[in-house]
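[1] Predicted coordinates and the sequence they were generated for:
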Amino acid sequence: MLAYDGGIPIAYGVGGTSFSIAVAIAASWVAFSVGLAGTSRHAPAVGGLLLGLGIAAMHVSGMRAIEVQGRVAFDPETSFAAVLLGTLIAGLALHSFQVLRGVRGLAASILLLVAAICVLHFTSMSGVVLIPDLSVAATHVFDPFWLAGGVIAASTTLILMAFGALFVDRHLTDLKGLANASLEGMVILRRGEVIEVNERFATLSGRKPAELVGRQRRELFAEAPERRSSNDLGAGEGASEGELLHADGGYVPVERLCRTIEYKGRPCDVIFVRDLTARKDAERTIEHLAHHDALTDLSNRSSFDRRLRQALAAAVHHDDALAVLCLDLDRFKAVNDIFGHGEGDRILRKVADILRAGAGEADTIARLGGDEFAIVQTGAAQPEAARLLADRILKLFSEEMDTRRDPMAVGVSIGVAICPGDGTTAERLYGNADTALYRAKQTGKGIACFFDAEMDAAVRTRRQIENDLRHAVVRRQLFLEYQPLVDVRDDRIVGYEALLRWRHPDRGLVGPNLFIPIGDDVLATLVRLRLLGVRIVMDDFGTGHSSLSNLQTFPFDKLKIDCSFTASLDKDPAAHAIIRAIIALGHSLNLPVVTEGVETERQRQIIVDEGCRQIQGFLTGRPGLAPSVDAASSSSTMPHRVGA
């Protein structure tokens, strides 16, 4: 407009020019607010149209400020065209800024906006006609020269301010970016009110930064009761743990550190927070693993011991009863050895599920190690509750583990002890439950036994013998006696039986019927001995541990008829029938049969008549020292031969 030459001198009124400046500023602010801050996809175009209308308003008001000695005439068509073109191009400028990103969008929008201003001004000015009129006088005007200088100065100042603002903004943006890049949350408070937060703090709190500004400190942290009255953390406070309030109502464990700094010219408190969620989760996991079995997630031995002592103390204090159940899996070792440890682990997890289903919510279930489990039952009438629990567990095992059809199924034996009757200390109560478990496994497995005093004495004796037997070989307390084995067809010695004897330092000569059963798990040893060429005889067949199932399982080479049947042979028809049946069984299995305990000629004759070919007993020789060929030859007038 300053470059326009209408043929007569032109000046600009102060009021009109100032008004046009105000119009330009206001119109630009409205247009950019709508175009750049709006959420609609049409917002930039609408903002551009508003900007074009604002430029037109500035132009019209600026033209009204012209002071000349004459009149200003406008061409309506030219003016309308100028406003239309300027408005459309301005709308396109802001639309390009939205569509084209980066440098291209910025350059296109700048060029289009300059074009909009120039097209509007130059087109409109081309339709202006100045008509001289000496009767019109101009007053309070800007001289064009000074106005041009003011425009240049103002434009230069705006440009410099823009670059300065850009530099400051970039500098502040870099500092804010540095704060946002931190892995720790940061919040700045002035007199307990939030004035600045970084993105990490906002993320931890579950809110946007703008939602946190203006909040009070008590709205951010969950404080201990003794500190809730204070709005500010003390300056220089050391690191402490606390909880950050989350937007969803939960709490985030954090470590906090507070410092007092000068921020924007005023003292402020800056609080740094570090998320402790992962560390707390790890601590909880470690704590859980310290008290639980990693495979089954049941309580482990240390946790069981602690819980048992706590429950006992409470029971004794309130004169209540509780029960301890010891459980041991039947057949687990064989299944684990045959099918592998992976299958064994699966079975143990299944057992844990069965115990959870059978036990009550207040009961403590623990895996003590291997295939050993235990339960502490509290808050119930005893011993009825323990009996019901044991029956429930046995029933669940029979339903879930069919040992008759599933080769990988296992059974369970249970021993039960009740407080206070069976003990009031953890050691005694658990020991008595274990004793009852031992009786359950000895009785037949797959059952539950309750502890009693007689059981305790028997088990203590047995375990003492077990302990002594372990040292008997080292202490040379075991020795052998030999008894000849005679073939009745020709009365010749075909071999000798080596009989194991135990001379105990306190008990004297311990009979084999007492210590041999304690030695109930020798299958693997028997197999290895047989591979070495040693032949194995099932002794005392038909009594004790010499059952038909063992005959099927163990690799025996010979059967021996127990002497108890032989002693009753000539006066008890039932004993005679049993001997006849055993001899027939041996022949059908291709196993030689030996009848022991033959002491009379009458017994010998009956045995021979029933088809047994070998006998053993006092009639043919007593147990003695290791035999030799010479000793065997001189021990009888009949011809003898020493067998292997």
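    That came through, no problem. Numbering: from 1, shown residues only.

[2] Need the residue closest to the centroid of this protein.
    Closest residue to the average C-alpha location of the chain: residue 285 at 6.8 Å, with CA atoms, centre = their mean.

[3] quick one: it from residue 279, how far?
    11 Å (CB to CB, to the nearest Å). Every residue, glycine included, has its C-beta placed from N, CA and C.

[4] Give me the common contacts of these two.
    Counting by CB atoms under 8 Å, 6 or more residues apart in numbering, residue 285 and residue 279 have no shared contacts at all.

[5] Let's test this: mean pLDDT of stretch 114-127, rounded?
    For stretch 114-127, mean pLDDT is 84.

[6] make that stretch 252-264, sorry
    On average, stretch 252-264 scores 87.

[7] What are the buried residues along it?
    In terms of neighbour count (16 or more other CB atoms under 10 Å), stretch 252-264 has its buried residues at 252, 253, 254, 256, 257, 258.

[8] Can you lay out the residues you listed as TSV showing secondary structure and distance to residue 509?
    Formatted as TSV, the buried residues of stretch 252-264 follow (DSSP: H, G, I helix; E, B strand; the rest coil; distance: CB to CB, whole Å):
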residue	secondary structure	distance to residue 509
252	strand	77
253	strand	72
254	strand	77
256	strand	79
257	strand	81
258	strand	85
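
[9] Now tabulate those residues in TSV and tack on distance to residue 427.
    Output for the buried residues of stretch 252-264, formatted as TSV (distance: CB to CB, whole Å):
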residue	distance to residue 427
252	45
253	40
254	45
256	47
257	49
258	52
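
[10] Which one of these is nearest to residue 498?
    Ranked by distance to residue 498 (CB to CB), the buried residues of stretch 252-264 are led by residue 253 at 73.1 Å.

[11] The closest one: what's it in contact with?
    Contact partners of residue 253, counting by CB under 8 Å, 6+ apart, are 241, 242, 243, 244, 275, 276, 277, 280.

[12] My assumption is that the second one lies in a strand; please confirm.
    Yes: when the secondary structure is assigned by DSSP: H, G, I helix; E, B strand; the rest coil, residue 242 falls within a strand.

[13] got the contact list for it?
    Contacts of residue 242 (CB under 8 Å, 6+ apart): 221, 222, 223, 253, 254, 255, 256.

[14] Please apply the same query to the fourth one.
    Residue 244 makes contact with 185, 204, 205, 220, 221, 222, 251, 252, 253, 254, 273 under the criterion CB under 8 Å, 6+ apart.

[15] which residues does it form a beta bridge with?
    Taking DSSP bridges as the rule, residue 244 bridges to residue 221, residue 252.

[16] quick one: it from residue 425, how far?
    47 Å.

[17] What is the burial count for residue 470?
    By other CB atoms under 10 Å, the residues close to residue 470 number 9.

[18] tell me the phi and psi of residue 216?
    Main-chain torsions, residue 216, degrees, to the nearest 10: phi -90, psi 160.

[19] and it, what pLDDT?
    What the model reports for residue 216 is a pLDDT of 90.

[20] and it, how many residues sit next to it?
    12.

[21] so what's it closest to, chain neighbours aside?
    Among residues not flanking residue 216 along the chain, residue 192 sits closest, at 5.6 Å (CB to CB, 6 or more residues apart in numbering).

[22] Quick check: the residue nearest to residue 350 when sequence neighbours are not counted vs residue 354, distance?
    Sequence neighbours aside, residue 400 is the residue nearest to residue 350 in space, at 7.0 Å (criterion: CB to CB, 6+ apart). Taking CB to CB as the measure, residue 400 falls 6 Å from residue 354.

[23] neighbour-wise, which of those two wins?
    residue 354 (18 against 14).

[24] which helices and strands sit right next to the helix or strand containing that one?
    Residue 354 belongs to helix 341-358 when assigned by DSSP states H and E. Packing partners of helix 341-358 (3 or more CB pairs under 8 Å, 6 or more residues apart in numbering; DSSP states H and E): strand 322-330, helix 332-339, strand 364-369, strand 372-377, helix 384-400.

[25] Against which helices or strands is the first one packed?
    Translated: strand 322-330. helix 301-318, helix 341-358, strand 372-377, helix 384-400, strand 411-419, helix 426-443.

[26] what angle separates the fifth one from strand 322-330?
    Orientation of strand 411-419 against strand 322-330 (axes from the mean of the first three to the mean of the last three CA atoms, to 10 degrees) gives an angle of 160 degrees.

[27] repeat for the second one
    Angle of helix 341-358 versus strand 322-330, following the same axes, to 10 degrees, is 150 degrees.

[28] Identify the residues contacting helix 341-358?
    Contacts of helix 341-358 (CB under 8 Å, 6+ apart): 295-298, 327, 329, 332, 335-336, 365, 367, 371, 373, 375, 389, 392-393, 396-397, 400-401, 408, 410, 412.

[29] Buried ones in it, by neighbour count?
    Judged by neighbour count using 16+ other CB under 10 Å, the buried positions of helix 341-358 are 344, 347, 348, 350, 351, 352, 354, 355, 358.

[30] Equivalent analysis for the last one, please.
    The neighbour-count criterion (16+ other CB under 10 Å) identifies 426, 429-441 as the buried residues of helix 426-443.

[31] Measure how far that helix is from the centre of its chain, please.
    Relative to its chain's centre, helix 426-443 lies at 34 Å (CA atoms, centre = their mean, to the nearest Å).

[32] what's the answer for the shortest one, then?
    The chain centroid and the centroid of strand 372-377 are separated by 23 Å under CA atoms, centre = their mean.

[33] what's across from residue 130 in the sheet?
    residue 72.

[34] re earlier: of the contacts of residue 253, keep whichever come out buried.
    242, 243, 244, 275, 276.

[35] Spit out the contact partners of the last one.
    Residues in contact with residue 276, defined by CB under 8 Å, 6+ apart, are 241, 253, 254, 255.
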